[in-house]
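Asks: Okay, predicted coordinates and the sequence, questions at the end:
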Amino acid sequence: MQAVAPYKEAVEVVKEAGGEALKLCYQCGLCTGTCPWNLVRNFLVRRMIHQAQLGLVNFEDEEAWLCATCCACVQRCPRGVEIIDIMRAMRRVIVELGTGYFPPPLRITGKNISVTGNPLGEGREKRAEWAKGVGVKTFATGTEVLYFSCCIPAYDPKAKRIARATAKVLRKVGADFGILGDKESCCGESIRKAGHENLFQTLAQSNIATFAENGVKKILTSSPHCYYAFKNEYPNLGGNFEVMHSSQYFASLIKQGTLKFSKELNKKVAYHDPCYLGRHAGIYDEPREVLQSIPGVELVEMADHRENSLCCGGGGGRIWQETKKGERFSDLRVEQAIRAGAEIIASACPYCLLNFEDSILTMDKGEVIQVKDISELVQEAI
C-alpha cells in the first residue's frame, strides 16, 4: 500500500482532517456487513479503516470514493465510530494535497460550484427560473419562511417539478414565503462529503451572511441534504436558523387543519426513506402521515424501510458520479417497490428522485411504476 510519507504519516493527516474517530474501531467488520455496496460488489469498509489506522492508506484506490454516506454502518457500529467522518477525511486529504485518485466528475462539480454556486454549472441568474408562472415572491425582511429549493430542483429539468409543486402547495395554504434566487448558493453538504472542506466553508459562510442580511429566521427545504447542512453544520459556523423539511411542514399543516385534500389519488404508494431524512435526521413518521392523509392512497412498505431503508446511492457526492449498471442501489430499490405492489415510489429527496427515474427508465419499468416527490402527491390531491 502507498503511504503519504512525503507529507506526513497518513494516520495523522486523516486525523487532522476530521478522522479522529478511526482510533475507536476494533475491526469487528459489522460496517462491511452492513454496507449496501456489498449487495452489488465487494467493498471492505473495515479494511479501509484498518489501513488508515496503520497509516497505510492507498490514496490511489478508487474505493475511497464509493461511500454514499448513507449512515447504515454508523447506525450499527458498536463503538459509535463516525465512519462517514473517516471517509470524508480521507477524501479531504486527497483534495487538499492534490495527490491520489480523484474522480473527474467530482473535479468538474467542484469547479462548477466554485464558479457558479451550483453543481450543474448553470448561471446564477437562472436559479429562480423554476418559479416562473407560480407566483413566488422574493424573500424580504419580515417574510416568515425562506423556501430553499436545493440546486437540483432549481436547475435540473427533471427535478424542477419538486420546487414548483412545493411552491404551489405553499401558495394554496396561504403561507408567507419567498425565495432569494440568485443570492443563494449551494448548501455545500455533498461537496463537503466529497472532500472539498474549504469550498464548503466558503459556501456556508456566504449563505449564512446572505440569510442574516435578509432577515431569514425559518428555512424550509425540499432536500434532506440542505436540511442536514442548515440544521447540523451551519450552527458551528454561526448560522442558527429554524429548519424544516417540506414533509415535516406539510404534516404540521395537516394537523392544524390548514392543509386539506379534495381529490382522491387511488394509488398504492411505497415511501422510500432517504438516508439524510431518515437515518441522519430521524424523520420517519411525518412523510408517512402526509401520505396516509391523502384520500385514496394505500401506503405499502418495501422490504427495507425506516431505519433499514436501502440507500438510493446518491449521497457523498455519488449523485455526480456514474454508477455502472449492475451496481445501482436504485435498481434494487425499484425492484423492492414493485414486489411490494406499489404503483408509485414516493420520496422526499431530489437525489433519490433522479436516481429512481433513471432506474425506471433503464429497467424499462415505466409502465409498471412511477416516482414522485411527496410534494407532487400533495399538490395533486389539494
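Replies: Everything's here; your move. Residues are numbered from 1 along each chain as shown.

Asks: So, low pLDDT: which residues of the stretch 201-350 of the chain?
Replies: For the stretch 201-350 of the chain, applying pLDDT under 70 flags no range at all.

Asks: Break down it into its strands, ranges please.
Replies: Using DSSP state E, counting those that start in this stretch, the strands of the stretch 201-350 of the chain run over residues 218-221, 242-245, 267-271, 297-300, 344-347.

Asks: which of the ones you listed sits most buried?
Replies: Of all the strands of the stretch 201-350 of the chain, strand 344-347 carries the top mean neighbour count, a mean of 26, counting by mean count of other CB atoms under 10 Å. All C-beta atoms are positioned from the backbone trio N, CA, C, and that covers glycine.

Asks: Just checking: what are the partner strands of that one?
Replies: strand 267-271 (parallel), strand 370-373 (parallel) (DSSP bridges).

Asks: neighbouring contacts of the following helix or strand past that strand?
Replies: Per DSSP states H and E, the first helix or strand lying C-terminal to strand 344-347 is helix 350-362. With contact meaning CB atoms under 8 Å, 6 or more residues apart in numbering, helix 350-362 is reached by 150, 152-153, 156, 158-159, 162, 222-223, 225, 272, 274, 312-315, 319, 325, 328-331, 333-334, 345, 347, 365-366, 369-373.

Asks: Write a ChimeraX command that selects only the buried members of those.
Replies: Selection of buried members from the contacts of helix 350-362 for ChimeraX, criterion 16 or more other CB atoms under 10 Å:
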select :150,152,153,156,159,162,222,223,225,272,274,312,313,314,315,319,328,329,330,331,333,334,345,347,365,369,370,371,372,373
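
Asks: So what's the residue count around residue 32?
Replies: Other residues lying near residue 32 total 19 when counted by other CB atoms under 10 Å.

Asks: Residue 25 is in contact with that one, correct?
Replies: No: the criterion here is CB atoms under 8 Å, and residue 32 misses it with residue 25 at 11.4 Å.

Asks: Pull out the CA atoms of stretch 296-313 and give them to me as PDB.
Replies: Extracted as PDB, the C-alpha positions of stretch 296-313 are listed here (Å, rounded to 0.1, in the frame of the first residue of the first chain):
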ATOM      1  CA  GLY A 296     -57.200   7.000  -1.900                       C
ATOM      2  CA  VAL A 297     -53.600   6.400  -1.100                       C
ATOM      3  CA  GLU A 298     -52.700   3.000   0.100                       C
ATOM      4  CA  LEU A 299     -49.300   3.100   1.800                       C
ATOM      5  CA  VAL A 300     -47.300  -0.100   1.300                       C
ATOM      6  CA  GLU A 301     -43.900  -0.800   2.800                       C
ATOM      7  CA  MET A 302     -40.900  -2.100   1.000                       C
ATOM      8  CA  ALA A 303     -38.800  -4.900   2.400                       C
ATOM      9  CA  ASP A 304     -36.200  -2.500   3.700                       C
ATOM     10  CA  HIS A 305     -37.800   0.600   5.200                       C
ATOM     11  CA  ARG A 306     -37.400   3.200   8.000                       C
ATOM     12  CA  GLU A 307     -34.000   2.600   9.800                       C
ATOM     13  CA  ASN A 308     -33.200  -0.300   7.400                       C
ATOM     14  CA  SER A 309     -34.000   1.700   4.200                       C
ATOM     15  CA  LEU A 310     -31.800   0.900   1.200                       C
ATOM     16  CA  CYS A 311     -29.800   3.900   0.100                       C
ATOM     17  CA  CYS A 312     -30.600   5.200  -3.500                       C
ATOM     18  CA  GLY A 313     -26.800   5.600  -4.000                       C
END
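
Asks: The nearest residue to residue 141 once chain neighbours are set aside and residue 262, how far apart?
Replies: The shortest distance from residue 141 to any non-neighbouring residue, by CB to CB, 6 or more residues apart in numbering, is to residue 215 (3.7 Å). Using CB to CB, to the nearest Å, residue 215 is found at 35 Å from residue 262.

Asks: ok, these two, which is more surrounded?
Replies: Comparing residue 215 with residue 262 by other CB under 10 Å, the one with more neighbours is residue 215, at 12 against 7.

Asks: Return the residues in contact with residue 189.
Replies: Applying CB under 8 Å, 6+ apart, we find residue 189 in contact with 200, 225-226, 228-229, 233, 276.

Asks: and which of those is nearest residue 170?
Replies: Comparing these against residue 170 with CB to CB picks out residue 226 as the nearest, at 16.2 Å.

Asks: Give me the neighbour count for the closest one.
Replies: As a burial measure, residue 226 scores 28 neighbours (other CB under 10 Å).

Asks: measure it to residue 187 for me?
Replies: Separation of residue 226 from residue 187 (CB to CB) stands at 4 Å.

Asks: list the residues that contact both of those two?
Replies: Shared contacts of residue 226 and residue 187, defined by CB under 8 Å, 6+ apart, comprise 148, 150.

Asks: re the thing from before, make a markdown table out of the strands paired with strand 344-347 and add distance to residue 97.
Replies: Putting the strands paired with strand 344-347 into a markdown table (distance: least, CB to CB, whole Å) gives the following:
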| stretch | distance to residue 97 |
| --- | --- |
| strand 267-271 | 42 |
| strand 370-373 | 39 |
